[in-house]
Every structure is written in C-alpha cells, then in structure tokens.
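Participant: can't give you the sequence, but here's the structure:
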C-alpha cells in the first residue's frame, strides 16, 4: 500500500519538477541549438533523459515514493491499458480535440509547431513523446501523486488533483484540456490495476498513435 503524502510535500516536488523542465528546455534553446545545431535534438534527448532519471532517483530517495514498474502488473491489466489507449484515441482525437482546437486557436498553432519540430527528427521525437514523457509523467502523477494523495486524502480528491497537475504540466491550453481528460482516464486505470506500468503502456500507446498519425498525415521533412 502507498504511503501518504501531504499537499504541501506534493506541491514542492511538482514545483521542483517544473524547474527541471525549465532547465532542460532553456539548455536546449540557449545552448544546444546555438552551440551544436546539427546535434541539438540528440543532445536535448540525452539531457531530458538524464534530468528525468536524476529527478526520479532523488524523488525515490527523499520521499515515500516507490520506484517500481513491475508492481501490480497482470495480463488483464495490460489488456485494459491497450483498450484505454484506443479509447483515448477515439474520444480525444475524433471528438474532443477538434472542439478544444476551436476554443484556443493560438494554443493550437503553438502545439502544431511543437509537433512539426518533433516530426523533423522522427526517431528522437518518438523517444521523447512515446517513451520518456509517458514514463516520467506516469511515475510522477500517478505513482507519486495519485498513490500518495489517495492514502492521505481519499481516492476522489487525489484523482482530481493528480489529473489537474498532469494537465497543467503540459503548459498549453489545447493540450491541457485534453490532458485533463486523459489524466482522469489514466488515474482510473491506475486505481483499478494498481500498476504504473499499465498506465505507462496506455499513455505511450495513445501518444504513439497520435504521433504516427501526425507524421503520416503531414510527412517528415528531410533534415
């Protein structure tokens, strides 16, 4: 059973992670793209991976968070995770995302620019979007936040708070609205399966479908 955490403790760790995200983003923009533009994307991938790994190790060492992807994994749970990925693709991609895009055209334009840049280096973009992001976000928002807050404040408040944090960490109105729905679904999956890996599979599967759909539709510019 997860050990409880306070809202104050969780807020400090989330702010720390936001600072880490800002650090590797500034490192990419201010250093890699200027000092080594040819290898900037690869260097950014490595710096992201190192920052994420270091943060997770620190989190597991200094808090009650258990860094264990194998706990609670079952074949039915993995099947449910695959079903969640498909359901999110239909719910968000076919119905809600077009609605959200119309509500915030400026945010949608910035989101498309991010996707375009990722598709310019599809292998690196795939690793960032479909491997690193799902792994980091699920460990932090479902494993640490949802698990810890559930033990302290109950399931419903923890689900809502962890989903809201997951949404806000996307820093874009279009992504935030979609991520809130996604966070609720993934949170329910975690509560049902008690498995972080199942959440990672569902999250990665949804991102993978979205990423390859975008690349197939828009093509991958030659670098």
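Facilitator: It's in. Remember, it's a predicted structure, so these values are computed and weren't measured experimentally. Numbering: from 1, shown residues only.

Participant: burial count for residue 184?
Facilitator: When neighbours are counted by other CB atoms under 10 Å, residue 184 registers 17. Yep, even glycine has a C-beta here, placed from its N, CA and C like the rest.

Participant: find the residue ranges of this structure scoring beneath the pLDDT cut-off.
Facilitator: 1-2, 104, 106-108, 174, 219-223 (pLDDT under 70).

Participant: quick one: the helices in this protein, in order.
Facilitator: For the chain, the helices defined by DSSP state H occupy 7-27, 33-35, 40-62, 75-88, 97-103, 105-120, 122-127, 133-137, 147-153, 155-168, 173-193, 196-218.

Participant: which of those sits closest to residue 68?
Facilitator: Nearest of these to residue 68, taken as CB to CB: helix 196-218 at 7.5 Å.

Participant: ok, now which ones touch residue 154?
Facilitator: By CB atoms under 8 Å, 6 or more residues apart in numbering, residue 154 lies in contact with nothing.

Participant: if we can go back for a sec, output the helices of the chain as TSV; include the columns distance to residue 68.
Facilitator: Compiled in TSV, these are given as follows (distance: least, CB to CB, whole Å):
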stretch	distance to residue 68
helix 7-27	18
helix 33-35	36
helix 40-62	9
helix 75-88	15
helix 97-103	33
helix 105-120	30
helix 122-127	23
helix 133-137	13
helix 147-153	11
helix 155-168	18
helix 173-193	13
helix 196-218	8
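
Participant: tell me if I'm right that residue 124 and residue 43 touch.
Facilitator: No: counting by CB atoms under 8 Å, residue 124 sits too far from residue 43 to count as a contact (10.1 Å).

Participant: which one's more surrounded, these two?
Facilitator: More crowded of residue 124 and residue 43, by other CB under 10 Å: residue 43, with 17 against 14.

Participant: what about that one, distance to residue 49?
Facilitator: Noted for residue 43: a distance of 11 Å to residue 49, by CB to CB, to the nearest Å.

Participant: can you check residue 218 too?
Facilitator: 26 Å.

Participant: and those two? which has more neighbours close in?
Facilitator: When residue 218 and residue 49 are compared for neighbours, residue 49 comes out ahead with 17 against 12, by other CB under 10 Å.

Participant: enumerate every residue touching the more buried one.
Facilitator: Counted by CB under 8 Å, 6+ apart, residue 49 has contacts residue 132.
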